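Provide a 3D model corresponding to the input given below.
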Amino acid sequence: MAVDNVDSIDELNYKPEMPTTPRPIVSIGTGGIVQGSHYPAYKLAGYPVLATYDVNHDAAEQAADEIGAKNVFDSIDEIVDYGKKNDAVFDVAVPANFTADILEQLPDGAGVLMQKPMGENIEEARRILDTCHSKNLTAGVNFQLRQAPYMIAARDLIAKGTIGEIVDIDHRLVGTQPWDLWPFLFPKDRVEINYHSIHYIDNIRCLVGDPTSVYCKTMQHPKMRKLAQTRTSIILDYGPDLRVNLHINFNHDYSKKYQESTLKIEGLEGAIRIKLGLMYNYPEGEPDKVEYITYDDPTWKELPVRGSWFNEAFIGTMGGLMKKLDDPDYKYMNSVEDAYHTMCVVEAAYKSSATGGVAVADYAVEE
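Numbers count the residues shown, from 1 in each chain. The predicted model follows:
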């Protein structure tokens with residue numbers, strides 16, 4: 001039986017992974033995601049940033065001013081040496097195809113949090129994983145949606161048995177995206193899944209584990225030929241009882257009225273519905289909303305929302321890494337090993353899309 005109700009909502013866990021004593025951080029790469037999301041989260045959590053480096057020195061200076069870092073370096077060698085001397089965590093946020101090269105320059109045994117994706121493809125992901133192992137790095141990947149407070153609370157609600165066994169998951173996004181904010185995406189062969197839907201794939205893995213197979217079609221839109229893909233449909237195969245579907249359309253520009261960004265989780269005893277407000281009219285956004293219902297109390301009830309995806313989720317990805325550095329036996333949910341499995345699902349999705357479906361014409365009867 002399901003829990004009749006969550007009588008004490010205050011008892012639900014919303015807390016991100018955080019260390020007892022934060023370690024210092026040095027930043028390699030200080031672009032928009034760092035200044036706009038990493039640093040606001042680090043300020044909230046009290047994580048000190050000591051130094052910055054970026055190929056764009058002005059960006060590194062600006063980031064240092066924003067976070068109060070005392071040092072801005074002109075080379076990776078300099079900031080790596082400084083980070084080693086100060087036992088700092090390396091916060092690496094560079095284009096995915098440069099991540100492995102950066103990791104190879106870090107001190108053996110260092111702690112490092114790298115920005116997603118974990119490379120542009122499975123070969124790069126494997127190189128990153130092997131480098132982390134060969135250098136004995138304590139490493140994580142910034143798949144932060146699973147660390148959003150509302151996702152932490154939703155997993156707690158599920159763990160309490162409130163909605164019973166999960167049998168259906170839908171992640172649906174219908175809206176627009178200001179792609180010009182990320183000019184580095186335009187020449188890439190892989191865009192939508194690698195740089196957006198990957199979050200939802202990773203979050204679903206955090207809920208129900210790895211699928212056995214993937215069906216996918218990712219594609220362009222005639223209005224956006226400069227980008228390789230802006231729309232994606234994915235079915236993750238979990239066998240006969242659990243249906244998982246992702247529907248992503250970033251070309252719905254017909255006013256805000258019917259924009260949608262929702263995650264629906266159905267169980268045998270109830271359901272949870274989450275509105276991811278960040279993605280409405282991005283980056284303007286709307287308030288998040290979390291609701292649940294059970295058969296024992298068939299009225300949708302709203303849960304408190306205590307922080308969002310941006311920026312609070314970034315507290316846990318870094319905080320969990322610091323906890324892992326303090327305790328090697330700690331199970332860090334954003335570990336590079338777990339992230340590699342997300343990259344396996346992503347690679348399967350791209351392969352499925354390239355392979356195509358079954359031709360209907362093969363079964364046609366000549367007339």
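
what domains does the record give for this structure?
Residue ranges for the domains of the chain, per automatic domain parsing: 25-144+314-331, 146-308.

Just send those back as CSV, with distance to residue 338, mean neighbour count and mean pLDDT too.
No exception for glycine: its C-beta is placed from N, CA and C like everyone else's. Putting the domains of the chain into CSV (distance: least, C-beta to C-beta, whole Å; neighbours: other C-beta atoms under 10 Å; pLDDT from 0 to 100) gives the following:
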stretch, distance to residue 338, mean neighbour count, mean pLDDT
domain 25-144+314-331, 8, 20, 97
domain 146-308, 8, 17, 96
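
Which one of these lies nearest to residue 15?
The minimum distance between residue 15 and the domains of the chain falls on domain 146-308, with 6.9 Å, by C-beta to C-beta.

Quick one: end-to-end length of that closest one, please.
End-to-end span of domain 146-308 (C-alpha to C-alpha, to the nearest Å): 11 Å.

ok, now stretch 179-199?
First-to-last residue span, stretch 179-199, C-alpha to C-alpha: 17 Å.

Identify the residues contacting that stretch?
Residues outside stretch 179-199 that contact it (C-beta atoms under 8 Å, 6 or more residues apart in numbering): 32, 95-96, 116-117, 120-121, 143-145, 177, 201, 216, 218, 224, 226-232, 234, 246, 248, 250, 283, 342, 346, 349-350.

Next step: the residues you listed restricted to helices.
32, 201, 342, 346, 349-350 (DSSP state H).

of all those residues, which comes closest to residue 107?
Of the ones in helices among the contacts of stretch 179-199, the one sitting nearest to residue 107 (C-beta to C-beta) turns out to be residue 342, at 26.4 Å.

pretty sure that closest one contacts residue 204?
No: when contacts are counted by C-beta atoms under 8 Å, residue 342 is not listed as touching residue 204 (9.5 Å).

quick one on the thing from earlier: want to throw the domains of the chain into TSV with distance to residue 354?
Below are the domains of the chain laid out as TSV (distance: least, C-beta to C-beta, whole Å):
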stretch	distance to residue 354
domain 25-144+314-331	12
domain 146-308	9
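
Quick check: which of these is nearest to residue 365?
So among the domains of the chain, domain 146-308 is nearest, using C-beta to C-beta, at 26.5 Å.

Pull the residues that contact the helix or strand hosting residue 354.
Element membership for residue 354, per DSSP states H and E: helix 336-355. Helix 336-355 is contacted by residues 114, 116-119, 121-122, 125-126, 128-129, 132, 137, 139-141, 143, 190, 193-194, 198, 201-202, 205, 210-211, 213-219, 232, 234, 236 when judged by C-beta under 8 Å, 6+ apart.

cutoff 6 Å now
118, 122, 125, 129, 132, 139, 141, 193, 198, 201-202, 205, 210, 214-218, 234 (C-beta atoms under 6 Å, 6 or more residues apart in numbering).

Then stretch 143-155?
12-14, 16, 116, 199, 202-203, 206, 272, 274, 288, 290, 305-307, 309, 312-314, 316-317.

first vs last residue of that stretch, how far apart are they?
With C-alpha to C-alpha, one end of stretch 143-155 sits 16 Å from the other.

residues contacting residue 120?
By C-beta under 6 Å, 6+ apart, the neighbours of residue 120 are 96-97.

From residue 104, how far off is it?
From residue 120 across to residue 104, the span is 17 Å (C-beta to C-beta, to the nearest Å).

Throw the ones in helices among the contacts of stretch 179-199 into a markdown table and include distance to residue 266, thanks.
Putting the ones in helices among the contacts of stretch 179-199 into a markdown table (distance: C-beta to C-beta, whole Å) gives the following:
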| residue | distance to residue 266 |
| --- | --- |
| 32 | 36 |
| 201 | 19 |
| 342 | 23 |
| 346 | 25 |
| 349 | 23 |
| 350 | 28 |
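
roughly how far apart are the spatially most central residue of the chain and residue 255?
With distances taken as C-alpha atoms, centre = their mean, residue 143 lies nearest the centre of the chain, 2.9 Å away. Going from residue 143 to residue 255 by C-beta to C-beta gives 32 Å.

Just the strands from the stretch 201-350 of the chain, written as ranges.
Ranges of strands in the stretch 201-350 of the chain, per DSSP state E, counting those that start in this stretch, are 213-219, 231-237, 243-249, 260-267, 270-275, 289-294, 297-303.

so can I have TSV of those strands showing distance to residue 63?
Converted to TSV, those look like this (distance: least, C-beta to C-beta, whole Å):
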stretch	distance to residue 63
strand 213-219	33
strand 231-237	32
strand 243-249	31
strand 260-267	29
strand 270-275	31
strand 289-294	32
strand 297-303	35
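
Give me the spatial nearest neighbour of residue 223, chain neighbours excluded.
residue 251 (6.1 Å; C-beta to C-beta, 6 or more residues apart in numbering).

do residue 352 as well
Closest to residue 352 by C-beta to C-beta, 6+ apart is residue 216, at 4.2 Å.
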